[in-house]
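Engineer: would you be able to build a 3D model of this:
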Amino acid sequence: MTMAPRHLRKRLLTALVLGGLTLTAGAQDKPDDVRLPDLGSSANALISPQEAQDYGAMMLQQMRAMDMTVNDPLLDDYINNLGFRLVANSAKPKDHFAFFIAKDPVINAFSAPGGYIGIDSGLIVITRTEDELAAVMAHEIGHITQNHLQRAYEQAKKDTPLMALVALGAIAAGGAAGGQAAAAALLGGQGALMQKEINFTRKDEAEADRTGIMTLAKAGFDPNAMAEFFQRMEDVMSADSGGINVPSLLEDHPVTAQRISDAKARATSLIAEEKQKPSGNLLDKSTWAQKTAPIAYVKDPTTLLAANNSDPSPSTYLLMRERVRVLSDDAYRMSTFYGSLIGQKPGYDTPENRYGYALALTRTGQGAKAIAELQPVLTKYPDNLVLRLAMADARLQAGERAAALDIYAALNTQSPRNKAIGLAYANALTQGGTAKQAAQAADMLRPMLDNTDEPEIFTAYAHASEKAGDTVRAGEAYAQASYLSGRPFDAMEQLKTLLKRPDLDYYARARIQAHISELTPLVMELRKRRVATDDNPDGTSQTPQQLSSNAACAGKLCFSLGNGRP
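Structural biologist: Residues are numbered from 1 along each chain as shown. Predicted structure coming up:
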């Protein structure tokens, strides 16, 4: 087993080396006639494409460590499959992209350096169709492919050098005081990466609209979806009753009548052009005509539930939308919410809503009740993988381990490379199983280790290996999970302790020494810069006043790791 992914240590080290630079807020709105440099300009002298990717990777790692993302294999696969379907039809299909769901009830999405695109959970649950979700993602992809981030950073360079990573600033600001201060600092700085401090120009927004609509059409989605979604958000604001808050999406992506009109015109033009092609109208998708019930807007978007009865089949999008709703909120609140609607309000007894209800019930320890909710839906759709996996989880929670293992095994045979199925099956085999079953689980998880940066997979592998009697492999995996959870010093100490074992064979000793060698430059740099983390007792001690100042400064992108002060 290698500590994966292999370049993450270099990423953090690179970020630290550049972290001594000081930042200011991003570019302000400029007239449309201003000439903007492209990626080939002097922006590369400040940050290369690889360094940008490194920053984005570390931002995501720190957000995961602070429980600011929805970490779920099913949702990860769904959002990335959707994202890469769009990327494949974008202006730069070979560029690096990564998609993730931020655990935030606001209605927004954001692009970050290196092609990292985050979609807030609040935005996903308010969408009514997959086309709407894809439209917002395509817009963010447009910001990346058109180099808008680099342009904004180029403008910022006129005032001060570029790019101390906000996530690392959060570590330095909050490490001495524990995770809450660090999370507060990162939350303050996240707005900068979420375009609130970048302030894309009107020209940038229009360009992202145009390229996004083209990407939508090429990927087989409704090119009208972008204009329609923005129009719906604006209509909600126009009908403001009771002083509801403006969605962050409209703050960061200002919508005007002209912009919506231009987007509609572009979509109409694309459809007309496609209809003239001899090959036929590739854009004429029946799914575009999908009708949905009206959706109400409330202050807390996680309480939205749009009934959708036009398509009786539980589409993956609809199931994943409810999964996001449940996993990003309190499970008890969600179980009460679904229970009060299903069977009591017309139009809400749908497969996807029963699925969401079952998820919430399983997460609150009501597996038997979850089984009862899922059974009628599974009887109608017995081949649906998502529903079958939910049933396995419910049966395991209800104490029906043998039945759950049968379902997991069948699913794993059907989809042997599915990460969500493999992880769930492995955990079920380990929990309450024999050493032989734990060894089977470890064998199942081992191939996943080289291509993931998710600590839960390493933790699951560690548990399985430990129960199977392979305590050395377990120790290595626990160390990697600590590293991926933002605790490199703990990881180093675990590896050093493991290296002292007298029963190590040559290969195990070589692996552990290699892990230590990879971590050493990172740990030394953290100590050199006196970056305080929860697991770094040698970090700089800071007063509450300094922590508060650092957190506020991180929100304005002005944190300097060089001296620990703004």
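
Engineer: just the helices in the stretch 1-150 of the chain please.
Structural biologist: With helices called from DSSP state H, counting those that start in this stretch, the stretch 1-150 of the chain shows them at 8-18, 43-46, 49-65, 73-87, 121-126, 130-145, 148-156.

Engineer: let's have these in CSV, adding distance to Gln231, mean pLDDT and mean neighbour count.
Structural biologist: All C-beta spots, glycine's among them, are computed from the backbone N, C-alpha and C. Formatted as CSV, the helices of the stretch 1-150 of the chain follow (distance: least, CB to CB, whole Å; pLDDT from 0 to 100; neighbours: other CB atoms under 10 Å):
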stretch, distance to Gln231, mean pLDDT, mean neighbour count
helix 8-18, 40, 46, 20
helix 43-46, 34, 50, 16
helix 49-65, 31, 77, 23
helix 73-87, 21, 95, 20
helix 121-126, 14, 92, 26
helix 130-145, 11, 92, 26
helix 148-156, 23, 63, 23
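
Engineer: could you dump these to a markdown table with distance to Thr215?
Structural biologist: Below are the helices of the stretch 1-150 of the chain laid out as a markdown table (distance: least, CB to CB, whole Å):
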| stretch | distance to Thr215 |
| --- | --- |
| helix 8-18 | 28 |
| helix 43-46 | 23 |
| helix 49-65 | 20 |
| helix 73-87 | 5 |
| helix 121-126 | 18 |
| helix 130-145 | 4 |
| helix 148-156 | 15 |
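
Engineer: tell me how many other residues crowd the closest residue to Ala435 other than its chain neighbours.
Structural biologist: Closest residue to Ala435 apart from its sequence neighbours, by CB to CB, 6 or more residues apart in numbering: Ala468 at 5.4 Å. Counted by other CB atoms under 10 Å, the residues lying close to Ala468 total 22.

Engineer: check Thr434 too.
Structural biologist: Neighbourhood size, Thr434 [other CB under 10 Å]: 12.

Engineer: quick one: the strands in the stretch 101-250 of the chain, in order.
Structural biologist: Along the stretch 101-250 of the chain, counting by DSSP state E, counting those that start in this stretch, strands occupy 109-112, 116-120.

Engineer: now Leu374: which helix or strand?
Structural biologist: Element membership for Leu374 (DSSP states H and E) is helix 367-380.

Engineer: buried ones in the longest helix along the chain?
Structural biologist: For the chain, the helix with the greatest residue count under DSSP state H is helix 506-528. Residues Ala508, Arg511, Ile512, His515, Ile516, Glu518, Leu519, Leu522, Val523, Glu525, Leu526 are the ones in helix 506-528 that count as buried (16 or more other CB atoms under 10 Å).

Engineer: go on, stretch 435-453?
Structural biologist: Neighbour-count burial for stretch 435-453, counted by 16+ other CB under 10 Å, picks out 437-442, 444-446, 448-449, 452-453.

Engineer: that one: end-to-end distance?
Structural biologist: Taking CA to CA, to the nearest Å, the first and last residues of stretch 435-453 lie 27 Å apart.

Engineer: what does that stretch contact?
Structural biologist: Residues from elsewhere that reach stretch 435-453 (CB atoms under 8 Å, 6 or more residues apart in numbering): 1-2, 4-5, 8, 57, 61, 412, 419, 422-423, 425-427, 429-430, 433, 457-458, 460-461, 463-470, 473, 477, 480, 484.

Engineer: which of the residues you listed fall in strands?
Structural biologist: Residues of the contacts of stretch 435-453 located in strands (DSSP state E): none.

Engineer: of those residues, select the buried ones using a PyMOL command.
Structural biologist: Buried residues among the contacts of stretch 435-453 (16+ other CB under 10 Å), as a PyMOL selection:
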select buried, resi 4+8+57+61+412+419+422+423+425+426+427+429+430+433+457+458+460+461+463+464+465+466+467+468+470+473+477+480+484
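
Engineer: re the thing from before, what's the helix holding Leu374 packed up against?
Structural biologist: Packing partners of helix 367-380 (3 or more CB pairs under 8 Å, 6 or more residues apart in numbering; DSSP states H and E): helix 351-363, helix 385-397.

Engineer: Ser340 - how many residues pack around it?
Structural biologist: When neighbours are counted by other CB under 10 Å, Ser340 registers 11.

Engineer: can you list the domains in this protein?
Structural biologist: Using automatic domain parsing, the domain ranges for the chain come out as 8-278, 330-415.

Engineer: first vs last residue of the shortest one, how far apart are they?
Structural biologist: Meaning domain 330-415. Taking CA to CA, the first and last residues of domain 330-415 lie 31 Å apart.

Engineer: my guess is Ile124 contacts Glu132. True?
Structural biologist: No - look at Ile124 against Glu132 with CB atoms under 8 Å: they stay out of range, at 9.7 Å.

Engineer: contact partners for Val377?
Structural biologist: Counting by CB under 8 Å, 6+ apart, Val377 touches Pro314, Pro351, Arg354, Tyr355, Leu387.

Engineer: kindly recompute the last result at 6 Å.
Structural biologist: Pro351, Arg354, Leu387 (CB atoms under 6 Å, 6 or more residues apart in numbering).

Engineer: all helices of the stretch 451-566 of the chain, in order?
Structural biologist: Secondary structure of the stretch 451-566 of the chain (DSSP H, counting those that start in this stretch): helices at 455-467, 471-484, 488-499, 506-528, 544-555.

Engineer: same list, these, but as a markdown table with mean pLDDT and distance to Phe337 please.
Structural biologist: Shown next, in a markdown table, are those (pLDDT from 0 to 100; distance: least, CB to CB, whole Å):
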| stretch | mean pLDDT | distance to Phe337 |
| --- | --- | --- |
| helix 455-467 | 95 | 26 |
| helix 471-484 | 93 | 33 |
| helix 488-499 | 93 | 38 |
| helix 506-528 | 89 | 43 |
| helix 544-555 | 33 | 33 |
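
Engineer: closest one to Glu207 among those helices?
Structural biologist: When the helices of the stretch 451-566 of the chain are compared by CB to CB, helix 544-555 sits nearest Glu207, at 27.4 Å.

Engineer: I figured Ala481 hits Ala460, correct?
Structural biologist: No - between Ala481 and Ala460 there is no contact under CB atoms under 6 Å: 9.1 Å.

Engineer: for Asn80, find the nearest of the helices of the stretch 451-566 of the chain.
Structural biologist: Asn80 lies closest to helix 455-467 among the helices of the stretch 451-566 of the chain, at 15.3 Å (CB to CB).

Engineer: identify all contacting residues around the closest one.
Structural biologist: Contacts for helix 455-467 (CB under 6 Å, 6+ apart): 423, 426-427, 430, 438, 441-442, 445, 448, 473-474, 477-478, 480-481, 484-485.

Engineer: and Ala91, how many neighbours does it have?
Structural biologist: Ala91 has 14 neighbours, counted by other CB under 10 Å.

Engineer: so who does Asp76 touch?
Structural biologist: Contacts of Asp76 by CB under 6 Å, 6+ apart: none found.

Engineer: ok, now how distant is it from Arg85?
Structural biologist: Using CB to CB, to the nearest Å, one gets 15 Å for the distance from Asp76 to Arg85.

Engineer: do Tyr332 as well
Structural biologist: Tyr332 sits 35 Å away from Arg85, taking CB to CB as the criterion.

Engineer: need the contact list for Phe97.
Structural biologist: With CB under 6 Å, 6+ apart, Phe97 has these contacts: Val87, Gly115.

Engineer: tell me the phi and psi of it?
Structural biologist: Dihedral pair for Phe97: phi -140, psi 150, per degrees, to the nearest 10.

Engineer: leaving out sequence neighbours, find the closest residue to Gln513.
Structural biologist: Nearest one to Gln513, counting by CB to CB, 6+ apart, is Leu499 at 6.9 Å.

Engineer: compare the mean pLDDT across the domains of the chain and name the weakest.
Structural biologist: When the domains of the chain are ranked by mean pLDDT, domain 8-278 comes last with a mean of 67.

Engineer: ok, back up a step: could the helices of the stretch 451-566 of the chain go into CSV alongside distance to Ala225?
Structural biologist: Formatted as CSV, these follow (distance: least, CB to CB, whole Å):
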stretch, distance to Ala225
helix 455-467, 33
helix 471-484, 36
helix 488-499, 43
helix 506-528, 43
helix 544-555, 33
